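[1] heads up, no residue letters with this:
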């Protein structure tokens, strides 16, 4: 049950909100119950994996909180337990079958990957590490730990919320009218990003990626690549915006996950703007504990490559994800070695072209079913052959328009323009005050976007989220 | 279990309004009519999952529940109509993958299922290396049909309409590969299988392509928004066939006058909204005003056990006092009224839903052979001939 499904929008969400509204002091319990139902709805008895994760983190958290000695051992046990769950469901088949190439019968293949396991595992780890480091205290209430790990707005596709950043809100929070306004605005904008932009481009990207690369004209390869580049951004950014919006409706402030990544002037900057909660998670829980950049150049390079290898692996147990992570890691390394200095002296346009080119061809690696397909499709971009189906054979007028809109909305231009007439969807804007005129306009915009998305959802378009599979 | 979550009054009120608004589509479920929804979707709706299945495989149960809900949630049909209409009229895009928009907005049905595989074009425009086997098979099938009918003292005729892809290959959408487009151009050639079949049986098989070709560029001739030949295109094909049936092959040119009239595209049901179109119709002739016998269709359906389309026309004013049977696919449905203008008694049955030889056998024995027809005319289009519809008739006859 995705946020863009009719049953979520018109049944689950209002029933949940009604229960939340009347629950009084038991709002966390209502949130927990509906979150488990949300997961059970999509994953059935695999909700047990989630419950095991909750139980493990709660008990280890208590252990960390109570013992003065052996805290390191508690942490090690908790980290290993979390990673064991993730490794079994997500990586074991890849490791045994693809990496070690054991004969098939030695290991059960086609293991079901519980949705969102990478997200809730990382949240669980965040809880343990934050308690261990003393950034937050261990929570004795299992329902609060459970609510933190499995809160449905960000359960299956993030943003990854750090325990320390939300622990106080789990105990005490206030839902103001401004929270509701911005919650609705974030949710509507996210829904429109997902349904109107990402889903429209998904049809184009899927068709082109499904075609054998040698049957494509270079123009078709480019349009397919662009469609996917914007699809994945608006799909994921849309989901994050919806999660932030739902969080605000419930009184939570989730962290920002995207900050116009396609306007970045370097790959390092791109990763400070793309899936920020994951980048910062790896920075704080892997890169810095490994020594960060404090132990000399070679250790820094090793740490960077390791982090990006893990970033690739986090996205999926397949070679193309690993190579995608390494692809980004390689450019980060090159920039660290000195290329960033050269970049800084170039024209801003050159910096953007460089960044977009690296990101663009990275997405081809990411989206292709295998490395061979990725290489063929990348080469097809530069083919001078006039054979093959051109872009016009694939793209519809609506998709062309949406591609234009996607380009526009992936820059801050529209956001800046909208500030003149409405209280716009900027992160942490809910702390500011706005004239009523701007709030009314915002509500109207929110209604229009929701209406447009609802028409598409109700008319029966298929709309799975890309990031669910991670 | 407790938390101190304060919801301020205005926030609570706003959330309440939101809840009410969001529940409206669900609230409309009991007010909907499943039969109408099924007609719109052209499929049976998902049934409510059996609660006992929840325990065994909850995720499967919930998926089924989601389908049940999505089929019935309020405003879904209205939303679909809006979306499809906007897609077609505003963006000039087809809202379904199997109808594609060609040059000057001409619509082409490229596949019979909801896929974009262009199978219908592949079938209408066979590759030239398949032609020799098509010559052989279609001629053998027709010869066997003739033999069986002549044994019952009936002389069958065959009218074949060209599909739009063959008559207008230069209008095919850009998404159609050049090779396939060239195949469609060749399918209209003199040595193409349909022309070949017509030459082999000059007094009994009519290829309507050369009849329609000189008129093809008239506006609305083969209605651009239609799949089937209708109006003037259907009329000209039928009148040429009547000439063959009644005058043994005298070249025929209709003297009728045609004018443009408003109609509805036959692709509307696929596109999911009502698409208006215009057709060139014979002046002072309206197929809807023909006298039909309603009970005939029910009787035919009872005999065949399938909801087939069937119509009996009785036209006392017709000049020819003959009884004619039209054995058709969907192209014959549009052509039948033009036969009914000329003959006092015309029966037409679409055999599209007959798949088994036994069904064809019952059809021929009970509805054709002993009904005292003066003429029997088969009406098909090129694609159905290439997909061996004639062979299916043979399987029911032998």
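    Thanks, I have it. This structure is a prediction, so every number in the text was calculated from the model and none was measured.
[2] tell me where the stretch 251-400 of chain A has helices.
    For the stretch 251-400 of chain A, the helices defined by DSSP state H, counting those that start in this stretch occupy A:267-273, A:276-282, A:297-315, A:319-334, A:340-344, A:348-367, A:371-380, A:397-409.
[3] against which helices or strands is whichever strand or helix holds residue B:36 packed?
    Residue B:36 is part of helix B:34-41 when elements are defined by DSSP states H and E. Applying 3 or more C-beta pairs under 8 Å, 6 or more residues apart in numbering or on different chains; DSSP states H and E, we find helix B:34-41 packed against helix B:58-72, helix B:76-89. Quick note: C-beta positions are derived from backbone N, CA and C, even for glycine.
[4] how about the residue of the stretch 251-398 of chain B found nearest chain A, nearest residue that isn't a chain neighbour?
    Of all residues in the stretch 251-398 of chain B, the one sitting closest to chain A is residue B:272 (8.5 Å; C-beta to the nearest C-beta). With C-beta to C-beta, 6 or more residues apart in numbering or on different chains as the criterion, residue B:272 has its nearest non-adjacent residue at 4.3 Å, and that residue is residue B:84.
[5] do residue B:340 as well
    Excluding the flanking residues, the one nearest residue B:340 by C-beta to C-beta, 6+ apart is residue B:313, at 3.6 Å.
[6] tally of neighbours for the one you found?
    When neighbours are counted by other C-beta atoms under 10 Å in any protein chain shown, residue B:313 registers 24.
[7] pretty sure residue B:177 contacts residue A:389?
    Yes: Residue B:177 lies in contact with residue A:389 (C-beta atoms under 8 Å); the separation is 6.6 Å.
[8] who has more neighbours, these two?
    Using other C-beta under 10 Å as the criterion, residue B:177 and residue A:389 rank with residue A:389 on top: 19 against 16.
[9] any idea how far chain B is from the spatially closest residue to the more buried one that is not a sequence neighbour?
    Leaving aside its chain neighbours, residue A:389 sits nearest to residue A:220 (5.6 Å; criterion: C-beta to C-beta, 6+ apart). Residue A:220 sits 11 Å away from chain B, going by C-beta to the nearest C-beta, to the nearest Å.
[10] just the strands in the chain please.
    Let's take chain A. A:172-175 (DSSP state E).
[11] oops, I was thinking of chain B
    Going by DSSP E, chain B shows strands at B:4-7, B:99-101, B:107-109, B:156-161, B:205-207, B:258-264, B:276-282, B:310-314, B:320-328, B:343-350, B:375-381.
[12] out of the ones you listed, flag the one nearest residue B:131.
    Nearest of these to residue B:131, taken as C-beta to C-beta: strand B:205-207 at 14.5 Å.
[13] what sits up against that closest one?
    Contacts with strand B:205-207, where a contact means C-beta atoms under 8 Å, 6 or more residues apart in numbering or on different chains, come from B:142, B:157-160, B:162, B:194-195, B:197-198, B:237, B:240-241, B:244.
[14] what about the longest helix in the chain?
    Defaulting to chain A. Of all the segments of type helix in chain A, defined by DSSP state H, the longest one is helix A:218-250.
[15] not quite, I wanted chain B
    Chain B, longest helix under DSSP H: helix B:131-151.
[16] how about that one: buried residues?
    B:131, B:134-135, B:137-139, B:141-142, B:144-146, B:148-149 (16 or more other C-beta atoms under 10 Å in any protein chain shown).
[17] pLDDT and distance to chain A added to those, as JSON lines?
    As requested, these are exported to JSON lines (pLDDT from 0 to 100; distance: C-beta to the nearest C-beta, whole Å):
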{"residue": "B:131", "pLDDT": "90", "distance to chain A": "26"}
{"residue": "B:134", "pLDDT": "90", "distance to chain A": "27"}
{"residue": "B:135", "pLDDT": "92", "distance to chain A": "31"}
{"residue": "B:137", "pLDDT": "92", "distance to chain A": "31"}
{"residue": "B:138", "pLDDT": "93", "distance to chain A": "32"}
{"residue": "B:139", "pLDDT": "94", "distance to chain A": "36"}
{"residue": "B:141", "pLDDT": "94", "distance to chain A": "36"}
{"residue": "B:142", "pLDDT": "95", "distance to chain A": "38"}
{"residue": "B:144", "pLDDT": "93", "distance to chain A": "41"}
{"residue": "B:145", "pLDDT": "93", "distance to chain A": "41"}
{"residue": "B:146", "pLDDT": "93", "distance to chain A": "44"}
{"residue": "B:148", "pLDDT": "92", "distance to chain A": "46"}
{"residue": "B:149", "pLDDT": "93", "distance to chain A": "46"}
